[in-house]
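Chemist: Build the 3D model from these lines:
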Amino acid sequence: MQSFKIEARIIVARNLTPNVASVAASLDERTGHVHVTYYLYDSSTEDDEEWRELTVGELVAAFPVIRSATSSFRPIADMKMHSDIVFNRE
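Modeler: Next up is the predicted model:
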């Protein structure tokens with residue numbers, strides 16, 4: 001799981017817009033499911049959508065154990081600090 005967090009940090013760091021405040025990514029290795037949440041300052045844009053989709057695709061490519069994936073946008077007000085955070089804008 002540690003390698004997932006490291007790789008997710010690298011992938012997310014190159015797939016951001018200035019609108020992204022934070023990103024959480026989790027992998028359930030038992031079920032092969034990954035979920036990515038982009039926390040945004042403002043409403044999502046087409047660029048945000050593209051970068052989020054690219055992040056999910058790169059994670060799927062990097063981890064053959066992944067068999068399903070979901071992703072979402074949430075407002076920054078909904079963000080809670082937890083272990084799934086892989087990017088947090090300072």
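
Chemist: and S83, how many neighbours?
Modeler: Residues within reach of S83, counting by other Cβ atoms under 10 Å, total 9. (C-beta placed from N, C-alpha, C; glycine too.)

Chemist: do you know how far the residue sitting nearest the centre point of the chain is from A61?
Modeler: Closest residue to the average C-alpha location of the chain: V36 at 3.6 Å, with Cα atoms, centre = their mean. Separation of V36 from A61 (Cβ to Cβ, to the nearest Å): 14 Å.

Chemist: what is in contact with the two at once?
Modeler: The contact sets of V36 and A61 do not overlap (Cβ atoms under 8 Å, 6 or more residues apart in numbering).

Chemist: so where's the longest helix in the protein?
Modeler: Counting residues, the longest helix in the chain under DSSP state H turns out to be helix 46-62.

Chemist: what helices or strands is it leaning on?
Modeler: helix 2-13, strand 20-28, strand 33-40, strand 68-75 (3 or more Cβ pairs under 8 Å, 6 or more residues apart in numbering; DSSP states H and E).

Chemist: Am I right that the residue nearest to the centre of the chain is in contact with L59?
Modeler: Yes - between V36 and L59 a contact is recorded at 7.1 Å, counting by Cβ atoms under 8 Å.

Chemist: list residues touching both of those two?
Modeler: Residues touching both V36 and L59 (Cβ under 8 Å, 6+ apart) are A25, A69.

Chemist: before we move on, back to that, off-centre distance for the longest helix of the chain?
Modeler: 8 Å (Cα atoms, centre = their mean, to the nearest Å).

Chemist: where are the low-confidence patches of this structure?
Modeler: 1 (pLDDT under 70).

Chemist: before we move on, the earlier item: distance to M81 for the helices and strands packed on helix 46-62 - can I get that in TSV?
Modeler: Converted to TSV, those look like this (distance: least, Cβ to Cβ, whole Å):
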stretch	distance to M81
helix 2-13	15
strand 20-28	9
strand 33-40	11
strand 68-75	14
